[in-house]
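S.K.: Fold the following.
(one chain, ligands or ions: 1)
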Amino acid sequence: MFQAPRGTQDILPEEQPYWRYVEGVAKDIARLYGFGGIETPVFEEAGLFVRSVGAGTDIVEKEMYTFTDLGGGEMTLRPEGTASVCRAYIEHGMASLPQPVKLYYLAPIFRYERPQAGRFREHHQFGCEAIGDADPSVDAEVIDMAWHFFKTLGLKNLKLQINSIGCPECRPTHLAALREYFQTLPLCTDCGVRLKKNTLRLLDCKNPACRSQVGSAPRSVDHLCTGCSAHFAALQTHLKQLGLPFNIDAGLVRGLDYYTRTVFEIQPEQEGGQSTIGGGGRYDGLIEQIGGKPTPGVGFATGIERIILNLKRQNVPVPPLPQPKVFLAWVGEEARTRAIHLASSLRRGGIGTVSAFSPRSLKSQLRLANTQNCTYAVIIGEDEAARGVVTLRDMQAASQEEITPEELVARLSRS
Ligand code: HAM
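M.R.: Below is the predicted model of the structure:
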């Protein structure tokens with residue numbers, strides 16, 4: 001027996017209302033904030049992610065689905081969306097458009113992680129990127145959009161954590177302080193390597209022993225240069241003006257190397273970073289790192305599976321999807337032919353219609369109409385077929401009347 005690969009899931013019809021709801025709200029929010037849609041390939045050259053997400057990150061070191069294609073190219077199923085959007089920004093000369101260029105995506109993402117509740121090997125993100133403007137008000141708008149998105153969905157009890165991790169000018173002093181702090185402490189093997197190669201990643205090690213030492217580690221906010229300090233202060237002023245309730249979490253660094261200055265996460269109030277439903281930040285060096293001109297950017301992404309998990313936990317009702325309006329029940333060969341024609345006319349009139357294919361008793365067909373929540377059953381028995389009429393039954397009122405097929409199509413198209 002084949003099964004869906006570990007860490008992936010089939011999204012069955014009963015789950016579809018959640019998915020369509022979240023995607024619908026995402027598209028509405030993107031429109032409200034002026035973000036246009038972008039779709040990029042599911043796979044990219046592996047080097048794109050190595051250069052942007054960073055060679056020392058867990059994502060690149062342990063979690064990428066990388067394969068050699070038949071032409072010998074090394075390809076990776078995208079483990080995040082930002083690098084692809086930035087690649088597209090450069091490739092399509094978007095620097096010549098009014099800046100910032102604001103783009104959103106709804107896309108499957110692949111990471112070879114250890115599956116658990118809310119953690120998958122294939123998950124789906126709603127993400128947005130504002131590329132080409134370094135002003136802190138852009139960061140504030142992106143954070144406001146993320147917050148507004150979760151609130152519009154109906155999620156409650158969320159907390160917004162922000163931090164600034166500085167820029168290439170001030171980060172070296174912070175990294176030096178981190179090295180000094182960590183080098184005397186017992187570290188896991190991975191952190192031994194991080195200490196030499198990618199010091200900031202010491203702060204997001206998942207090993208419990210290492211984690212316990214992170215709380216007292218030197219903080220980036222204490223090492224910011226004047227420019228980064230002013231940017232962070234301005235961001236906080238904007239967030240206050242927008243009425244967003246944020247906390248500064250000086251330990252927040254996020255697991256991707258491309259961030260500069262602002263980083264933020266939105267988490268369910270009772271839980272920690274493991275259950276983060278959305279996060280993002282500024283990446284002013286990323287476009288240059290992957291071959292473009294120096295261009296600032298800021299964005300965020302959220303996992304749809306985690307949103308749905310929280311919608312269910314918080315019992316948030318989601319709108320049902322439209323069901324077929326009509327169940328067409330027929331008995332006898334003549335009625336079957338008429339039913340096929342009538343179904344076709346109803347559908348061409350925009351009225352959702354389903355019917356039985358193989359012969360069944362009228363009773364079992366009406367039962368089906370009930371389970372499928374159809375508003376009407378239209379019955380063509382042998383007698384109706386002979387007289388060229390149909391019986392229209394209102395399933396809820398349990399009332400019925402005889403009507404011609406032409407009248408039926410006209411009446412239901414109007415309702
Ligand atoms: P990220 O924090 O790695 O950021 O992922 C964004 C969101 O995707 C997370 O907050 C979480 O909700 C969801 N997520 C991540 N991994 C999984 C998983 N294995 N299973 C289920 N959900 C998951 C990024 O990917 C950045 N590209 C965000 C960004 C956009 N930064 C700037 N622009």
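
S.K.: List phi and psi for whichever residue of the stretch 101-250 of the chain sits closest to the ligand.
M.R.: Taking CB to the nearest ligand atom as the measure, the point where the stretch 101-250 of the chain comes nearest the ligand is residue 123, at 3.4 Å. (C-beta placed from N, C-alpha, C; glycine too.) With angles defined as degrees, to the nearest 10, residue 123 sits at phi -130, psi 180.

S.K.: Okay, and the beta partners of it?
M.R.: Here residue 123 sits in beta bridges with residue 109, as judged by DSSP bridges.

S.K.: If you tally nearby residues, what's the number for it?
M.R.: Counted with other CB atoms under 10 Å, residues neighbouring residue 123 total 20.

S.K.: Pretty sure it sits against residue 106.
M.R.: No. Residue 123 sits out of contact with residue 106 when judged by CB atoms under 8 Å, with a separation of 11.8 Å.

S.K.: Can you give me the distance of the closest residue to the ligand within the stretch 151-300 of the chain to residue 51?
M.R.: Using CB to the nearest ligand atom, the single residue of the stretch 151-300 of the chain nearest to the ligand is residue 299, 2.7 Å away. Counting by CB to CB, to the nearest Å, the gap from residue 299 to residue 51 is 17 Å.

S.K.: Do a quick rundown of the strands in the stretch 51-200 of the chain.
M.R.: Ranges of strands in the stretch 51-200 of the chain, per DSSP state E, counting those that start in this stretch, are 65-68, 74-77, 101-110, 122-131, 158-164.

S.K.: Please tabulate those strands in JSON lines, including the columns mean pLDDT.
M.R.: Below are those laid out as JSON lines (pLDDT from 0 to 100):
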{"stretch": "strand 65-68", "mean pLDDT": "98"}
{"stretch": "strand 74-77", "mean pLDDT": "98"}
{"stretch": "strand 101-110", "mean pLDDT": "98"}
{"stretch": "strand 122-131", "mean pLDDT": "98"}
{"stretch": "strand 158-164", "mean pLDDT": "97"}
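
S.K.: rewinding a little: please name the bridge partners of the spatially closest residue to the residue of the stretch 151-300 of the chain closest to the ligand that is not a sequence neighbour.
M.R.: On the basis of CB to CB, 6 or more residues apart in numbering, the spatially nearest residue to residue 299 that is not a chain neighbour turns out to be residue 129, at 3.7 Å. Legend: beta-bridge partners of residue 129 under DSSP bridges are residue 103, residue 299.

S.K.: what's residue 129 in contact with, if anything?
M.R.: By CB atoms under 8 Å, 6 or more residues apart in numbering, the residues touching residue 129 are 81-82, 85-86, 102-104, 297-299.

S.K.: again with residue 187
M.R.: Contact criterion CB under 8 Å, 6+ apart gives 195, 202, 210 as the residues in contact with residue 187.

S.K.: Distance to residue 98, neighbour count and pLDDT for the residues you listed - can I get that in a markdown table?
M.R.: Listed next are those as a markdown table, based on distance: CB to CB, whole Å; neighbours: other CB atoms under 10 Å; pLDDT from 0 to 100:
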| residue | distance to residue 98 | neighbour count | pLDDT |
| --- | --- | --- | --- |
| 195 | 44 | 17 | 90 |
| 202 | 40 | 25 | 90 |
| 210 | 45 | 20 | 89 |
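
S.K.: between the residues you listed, which is nearest residue 139?
M.R.: When those are compared for distance to residue 139 (CB to CB), residue 202 comes out closest, at 25.2 Å.

S.K.: The closest residue to that closest one other than its chain neighbours: what's it in contact with?
M.R.: Ranked by CB to CB, 6+ apart and with sequence neighbours excluded, the top spatial neighbour of residue 202 is residue 194, at 5.0 Å. By CB under 8 Å, 6+ apart, the contact set of residue 194 is 56, 201-202, 205.

S.K.: out of those, what pair is the most spread apart?
M.R.: Farthest apart among these - using CB to CB - are 56 and 205, which lie 11.6 Å from each other.

S.K.: per-residue confidence for the nearest residue to residue 41 once chain neighbours are set aside?
M.R.: Using CB to CB, 6+ apart and skipping residues adjacent in sequence, the residue nearest residue 41 is residue 84, 7.3 Å away. According to the model's per-residue confidence, residue 84 sits at a pLDDT of 98.
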